[in-house]
Every structure is written in C-alpha cells, then in structure tokens.
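Novice: Have a look at this prediction, sequence included:
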Amino acid sequence: MIIEDYSLADAFYMTVITISTVGYGEVVPLSQSGRIFTSLLILYNLGVVAYGVSMFTTYMASGQLFISIKKAQMEKQIEALSDHIVICGYSRYAEESIIHFIKFAQPLVLIEREEDKIELFRKKHPDLPYVIGDGSDDEVLVSANILKAKALICAISDDSENVFITMTARQLNPNLNIIARTANNKTERKLEMAGANHIIMPERIGGFYMATLVNKPGTVEFFTQTTFLPLTPLRGPGRLPRGSLCLFHSCVPWGTLWSTRLRLSVAATSERAVLSWQASKN
C-alpha cells in the first residue's frame with residue numbers, strides 16, 4: 001500500500017501468496033523497493049516457520065506433549081473422585097498404605113513435591129493419580145479434590161510440615177478424617193490442636209506389635225489375616241458364600257480363620273454366621 005501504492009485488497013492478496021509461497025504472480029509489477037520488501041518478508045516468514053518446527057520437534061522429542069496430555073487426563077480423573085484418600089508425602093509408610101488401599105480398591109491421590117519421588121511412584125503405580133506440590137498449600141490440596149475426600153494421611157517425616165498440612169486440610173474440609181504421622185511425643189498435642197483425628201507414632205505401634213506377638217500371638221495373627229487380606233463385601237441381604245464367615249459386613253474364608261488357631265464364639269443364624277465381640281478402649 002505504501003511502497004507500491006496498492007489498494008487494501010491487492011496488498012492483502014500479495015501478502016498471502018508471498019507468505020504461503022504459492023506465487024500466483026504479481027498484481028502489478030514490483031519496483032526495486034517492492035522486491036526488496038518482498039524478499040525480506042519471505043525470509044522473515046521462513047525464519048518463523050523454521051523456529052516453529054524446531055520448537056514443536058523439541059517439544060515432541062522431550063515428551064512434554066504426552067506429559068501435558070497425561071496431566072490433563074489426570075486432572076479430570078481427580079475431579080471425578082469422591083470419598084477418596086489423599087496421601088501427603090511419598091515414603092515407606094505411604095507405600096504400605098497405598099498397597100493396602102489398592103487391595104481394597106479404594107481410590108487415592110498422592111501429593112508430593114519432590115520430582116524423584118514422583119518418578120518412583122509413577123514407576124510402581126503408573127495408573128494412580130498424583131499432584132506435584134506442597135501439601136500445606138491450599139491450591140495443591142484443592143487440586144487433589146480435598147473437598148470431596150474421605151480421609152487424609154500425612155506421611156511426611158517432618159512433624160512441622162504435618163502440622164501445617166493438617167491445619168490447612170482441616171480448614172478446607174471440616175469433616176475430613178485426618179491421620180497424621182509423628183516421631184515426637186511433643187508434636188502429638190500440636191497435631192490434635194491442628195485438627196488431626198488420629199496420630200500415629202510408628203515406633204510406638206511397632207513396639208506394641210512386637211510385645212503383643214509375645215503375649216498374645218493368636219490375636220495378632222487373627223487381626224492380621226482379617227485386616228490385610230481382601231474381603232468380599234456383602235451388598236444387601238443375601239446368602240452367605242459357602243465356607244466363609246460374616247465379619248464386619250464382609251466375607252472371610254473359614255480356612256483363614258482356622259489357620260489362626262483361635263476359638264471363636266459364633267452365633268449361627270438361618271442364612272449366615274455372625275462373629276461378635278466387644279472391645280473396650282482404655
């Protein structure tokens with residue numbers, strides 16, 4: 001328009017056929033200045049295209065495209081969850097909990113900020129969702145759909161982080177069942193004030209477990225078998241599967257109970273056998 005005194009339509013047409021390299025021909029023969037401008041326009045267009053192709057190739061080669069697609073799918077998967085478990089911190093205790101939840105087909109989401117631990121988690125559990133970030137951050141907890149979660153497990157080794165995570169999660173979801181880990185007796189009270197429902201000390205539980213194995217080995221074996229083995233849930237009224245016992249609304253094979261060598265008090269009914277006992281809490 002300025003160099004060759006083209007109309008708006010002619011200038012637009014010439015620009016399009018030049019950039020697209022179609023080359024139908026000039027509307028009006030170009031002057032020397034017009035040819036220089038057109039040459040620069042073509043070189044600029046080639047540079048833009050080359051840069052775009054190189055960036056797309058790098059993006060594909062590094063796997064970022066597939067990571068972005070996987071992240072979008074994972075976000076949709078987390079948004080669809082309800083009554084799930086959120087685990088903060090990938091550790092040995094968290095891994096044991098994850099294995100247990102997988103056996104019972106319970107949905108879960110992991111929150112971890114360290115990339116190497118996330119990579120280890122992805123190798124062991126490629127189908128489970130996760131969120132990269134700090135569990136004490138409101139946005140990270142919301143990304144894990146904490147508002148619809150059933151429980152939160154704080155499995156981080158740092159007690160102060162567990163306190164902050166517990167406090168933040170309690171503010172976001174007042175009905176959340178929070179289980180926090182601690183390694184110090186002094187932190188136990190702080191976790192209670194922060195809103196934890198249950199506080200776990202691995203050393204205390206380990207010592208109690210070993211002492212009970214000495215004093216009451218049958219009890220430990222019984223609860224281990226009935227707690228850590230997958231059970232068949234009973235859905236509504238129906239006949240009890242043959243060769244099994246109704247326990248906590250689930251079916252346990254008789255062979256499992258017989259192996260514990262316990263004498264159980266069983267009340268038989270017309271359709272099922274019911275195991276009942278009373279436990280007192282000190």
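Specialist: Everything's here; your move.
Novice: can you map out the helices along the stretch 51-200 of the chain?
Specialist: 64-79, 92-103, 115-124, 138-143, 159-172, 185-194 (DSSP state H, counting those that start in this stretch).
Novice: low pLDDT regions in the chain?
Specialist: For the chain, applying pLDDT under 70 flags the ranges 1-5, 20-30, 32, 59-65, 220-282.
Novice: go again using 50 as the cut-off
Specialist: For the chain, the stretches flagged by pLDDT under 50 are 231-282.
Novice: hmm, back to that, and among the helices of the stretch 51-200 of the chain, the most buried is which?
Specialist: Ranked by mean neighbour count, the helices of the stretch 51-200 of the chain are led by helix 159-172 with a mean of 20 (mean count of other CB atoms under 10 Å). Where you see a C-beta, it was placed from the backbone N, CA and C, and this is true even at glycine.
Novice: Next one: Phe208 from Val214, what distance?
Specialist: Phe208 sits 11 Å away from Val214, going by CB to CB, to the nearest Å.
Novice: Among these two, which residue is more densely surrounded?
Specialist: Legend: neighbour count by other CB atoms under 10 Å for Phe208 and Val214, higher for Phe208 (12 against 8).
Novice: looking at this, that one is in a strand?
Specialist: No - per DSSP: H, G, I helix; E, B strand; the rest coil, Phe208 lies outside any strand segment and is helix.
Novice: For Glu115, which residues are in contact?
Specialist: Ile132 (CB atoms under 8 Å, 6 or more residues apart in numbering).
Novice: I'd like the distance between it and Met74.
Specialist: When Glu115 is compared with Met74 (using CB to CB), they lie 16 Å apart.
Novice: just to revisit the earlier point, make JSON lines out of the helices of the stretch 51-200 of the chain and add distance to Ala149.
Specialist: JSON lines is the format used below for the helices of the stretch 51-200 of the chain (distance: least, CB to CB, whole Å):
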{"stretch": "helix 64-79", "distance to Ala149": "10"}
{"stretch": "helix 92-103", "distance to Ala149": "13"}
{"stretch": "helix 115-124", "distance to Ala149": "18"}
{"stretch": "helix 138-143", "distance to Ala149": "9"}
{"stretch": "helix 159-172", "distance to Ala149": "8"}
{"stretch": "helix 185-194", "distance to Ala149": "17"}
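Novice: Would you map the strands across the chain?
Specialist: Here the chain has its strands, by DSSP state E, at 85-88, 108-112, 130-132, 151-154, 177-181, 198-200, 232-233, 244-247, 250-253, 266-268, 273-275.
Novice: Summarise which helices and strands the third one is packed against.
Specialist: So that's strand 130-132. Counting contacts by 3 or more CB pairs under 8 Å, 6 or more residues apart in numbering; DSSP states H and E, strand 130-132 packs against strand 108-112, helix 115-124.
Novice: nearest to Ser7, of these?
Specialist: Judged by CB to CB, the one of these that comes nearest to Ser7 is helix 115-124, at 57.6 Å.
Novice: Using CSV, write out every CA atom in the closest one.
Specialist: Written as CSV, here are the backbone C-alpha positions of helix 115-124 (Å, rounded to 0.1, in the frame of the first residue of the first chain):
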residue,chain,number,x,y,z
GLU,A,115,10.3,-35.0,41.4
ASP,A,116,12.5,-38.1,42.1
LYS,A,117,9.8,-39.5,44.5
ILE,A,118,7.1,-38.8,42.0
GLU,A,119,9.1,-40.6,39.3
LEU,A,120,9.5,-43.6,41.7
PHE,A,121,5.7,-43.5,42.4
ARG,A,122,4.9,-43.4,38.7
LYS,A,123,7.1,-46.5,38.1
LYS,A,124,5.4,-48.5,40.8
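Novice: Please consider this matter closed, and thank you.
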